[in-house]
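Engineer: Using only what follows, build the 3D model:
(chains A and B)
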Amino acid sequence: MIEMQDVYKKYDNGMIAVKGISVKINKGEFVYVVGPSGAGKTTFIKLMYREERATKGSIIVNNFNVTKLSDQKVPQLRRQLGVVYQDFKLLPKLTVYENVAFALEVTEAEPKVIRKRVAEVLQKVGLTKKAKHFPQELSGGEQQRVAIARAIVNKPAVLIADEPTGNLDPDNAWSIMDIFNDINQDGTTIVMATHNKDIVNTMRRRVIAVEDGVIVRDEYGGDYGYEH
Amino acid sequence: MNINTIRRHFRESFRSLGRNGWMTFASISAVTVTLMIVGVFAMLMANVSHIASNLEQDVEIKVLIELTADAEAEQQLVNAIAHMPAIADYEYSSKEQELATLIEDFGDDWKLYEQSNPLHNVIYVRALQPKDIPHLAAEINNLSNTADVVYGEEKVERLFDALSLARNIGFFLIVGLLFTAVFLISNTIRITIIARGDEIEIMKLVGATNSFVRMPFLLEGMWLGMLGALIPMGLTIVLYHQLYDVVAPRVSGQLIELVPPTPVVYEVAGLLLLLAIAIGVVGSFMSVRKFLRI
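Structural biologist: Modelled structure (predicted):
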């Protein structure tokens, strides 16, 4: 599903964020990526959907050779992944419904299919009643649920999340995790970078710890392992 | 790109006009103001050009035939002139006709001369190219049986110089104005798009292709151009018609005359529209481009 071989990422400013990561994540897995701030978690995740390009090494995601992917093919890759961000990244001038529909519109899906599928995922994240609202009218938790709905509306093979609970209170964080758990049960691979110790220690899954650009621990059912 | 997608792009472009209200207003205003100035200048130029070519057409060479020339010699001269490649047409006028014109223009006092007409028989010659006149006049003067060749030498030459200067200056002004318009309008559009750079980034992250992101912006640029062009187009057409109705009767029969509104105003209006659309689309294209690299 996701396979990285000896991946390096050096930014233009000279900082080396990832220093030789090799990892294999299988279909249907649920993986936490943990580690101190600035350890390279976000870069590690951005490399998967090609927001950042690897300087060296090979990355295969869902049969796409990401490191060799041409710019024209990047949208194809991204349509097979769902990405959820800490700051939600919703389109401010589109309603909840339109934000979710957008991810399908870019694939040029039939309007009939779009309506049906958007209704389904809004139901799944419990936001059917807020479909006509704009993002700024929603709470943080609700906004993140919209972002998740958008991420899964394409039925992606992999859901990638970068600190999805980082801006949320514990209740909202847990409701997000419930949704993730559901999606994972349906067979979607989930890779989630997080700082949330409670979640990692309570909902035990595979834990990959990144420090200073390298993987220092890779443990099934592991704990968070840091004190904050 | 299927029909649903195209429909979506259109819908999206209209919706965006409404949701970005003030930015839309700013862009349309920039188009309106600049195109109004362009419109005024274009009409000004059309008139300068019209007046210039009218004046040029009016200039003719007057060939005075030697008093001693008999009918056969006159005919030879006429033939020689008629065969010159640079002339547009010519007209023979006998000294009796010349005197009749004088009497008509300046009054019956001139009837005194009917007894003994001191005038020359004359050939009026028009040149194909007004700038050839001095050269043509000299050439005709070299033919036999010409007493004199008159075309108001220095005045005509100075007039031509002045007109061609006016045309060149006008041309550069219009080009300069167009550059300013393109710059001003695409800058305004750029600001509105920069304000939406995050949106474009998000679209790309969700898997939109560049052309998918770009299309609604290009359409939006087109609408901005079209909406901005409406007032300048209307004003050009209406105001010039009114100006023409007021000014034309007062200057009729004089050397200077205005360009008739049809078809010039419609051509200028069409040009303004095309210009506005082109600027809108190009401005959007350039502005979106830098946000697509993600």
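Engineer: C-alpha only now, for contacts and for neighbours.
Structural biologist: Will do.
Engineer: Near chain A, which residues of the stretch 51-200 of chain B? Just list them.
Structural biologist: residue B:199 (Cα under 8 Å from any Cα of the partner chain).
Engineer: Helix, strand or coil: sort out residue A:13 for me.
Structural biologist: For residue A:13, the reduced secondary structure class is coil; criterion used: DSSP: H, G, I helix; E, B strand; the rest coil.
Engineer: how far away is it from residue A:7?
Structural biologist: If you measure residue A:13 against residue A:7 using Cα to Cα, to the nearest Å, the figure is 18 Å.
Engineer: shaky segments in the stretch 101-250 of chain B?
Structural biologist: Flagging of the stretch 101-250 of chain B using pLDDT under 70 yields the residue ranges B:153-156.
Engineer: What ranges does it have for its helices?
Structural biologist: B:133-141, B:153-194, B:197-205, B:210-251 (DSSP state H, counting those that start in this stretch).
Engineer: Work out the gap between the second one and the centre of the chain.
Structural biologist: By that I understand helix B:153-194. How far helix B:153-194 lies from its chain's middle: 12 Å, per Cα atoms, centre = their mean, to the nearest Å.
Engineer: What helices and strands are in contact with the lengthiest helix in chain A?
Structural biologist: The longest helix of chain A (DSSP state H) is helix A:170-185. Contacting helix A:170-185 under the criterion 3 or more Cα pairs under 8 Å, 6 or more residues apart in numbering or on different chains; DSSP states H and E are the following elements: helix A:140-152.
Engineer: contact partners of whatever helix or strand comes next after the helix it packs on?
Structural biologist: Read in the C-terminal direction, the helix or strand following helix A:140-152 is strand A:158-162, with elements assigned using DSSP states H and E. Surrounding strand A:158-162, the residues in contact under the criterion Cα atoms under 8 Å, 6 or more residues apart in numbering or on different chains are A:42, A:45, A:80-86, A:151-152, A:188-194.
Engineer: If we use 7 Å, what do you get?
Structural biologist: By Cα atoms under 7 Å, 6 or more residues apart in numbering or on different chains, the list of residues contacting strand A:158-162 from outside reads A:42, A:81-86, A:188-194.
Engineer: How about stretch A:63-79?
Structural biologist: Residues contacting stretch A:63-79 (Cα under 7 Å, 6+ apart): A:49-50, A:53-54, A:58-60, A:154, B:205-209.
Engineer: Please work out which residue of chain A is closest to chain B.
Structural biologist: The shortest separation between chain A and chain B is 4.1 Å, found at residue A:75 (distances taken as Cα to the nearest Cα).
Engineer: Backbone torsions only: list them for the residue nearest to that residue when sequence neighbours are not counted.
Structural biologist: Closest residue to residue A:75 in three dimensions, ignoring its sequence neighbours and counting by Cα to Cα, 6 or more residues apart in numbering or on different chains: residue B:207, at 4.1 Å. Here the main-chain torsion angles of residue B:207 (degrees, to the nearest 10) amount to phi 110, psi 20.
Engineer: Pick out whichever of residue A:13 and residue A:7 has more residues nearby.
Structural biologist: Taking neighbours as other Cα atoms under 10 Å in any protein chain shown, residue A:13 and residue A:7 compare with residue A:7 leading, 22 against 6.
Engineer: you'd agree the more buried one is up against residue A:20?
Structural biologist: Yes. Counting by Cα atoms under 7 Å, residue A:7 does reach residue A:20; the two are 4.7 Å apart.
Engineer: Can you tell me which of the contacts of strand A:158-162 are also in contact with chain B?
Structural biologist: Among the contacts of strand A:158-162, no residue lies close to chain B (Cα under 7 Å from any Cα of the partner chain).
Engineer: and those, which of them are in strands?
Structural biologist: In strands, judged by DSSP state E, the following of those are found: A:81-84, A:189-193.
Engineer: can you put those residues in a markdown table and add pLDDT and neighbour count?
Structural biologist: Shown next, in a markdown table, are the ones in strands among the contacts of strand A:158-162 (pLDDT from 0 to 100; neighbours: other Cα atoms under 10 Å in any protein chain shown):
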| residue | pLDDT | neighbour count |
| --- | --- | --- |
| A:81 | 92 | 27 |
| A:82 | 93 | 28 |
| A:83 | 93 | 29 |
| A:84 | 94 | 25 |
| A:189 | 96 | 25 |
| A:190 | 96 | 25 |
| A:191 | 96 | 23 |
| A:192 | 95 | 27 |
| A:193 | 95 | 27 |
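Engineer: Show me what residue A:191 bridges to in the sheet.
Structural biologist: Legend: beta-bridge partners of residue A:191 under DSSP bridges are residue A:31, residue A:160.
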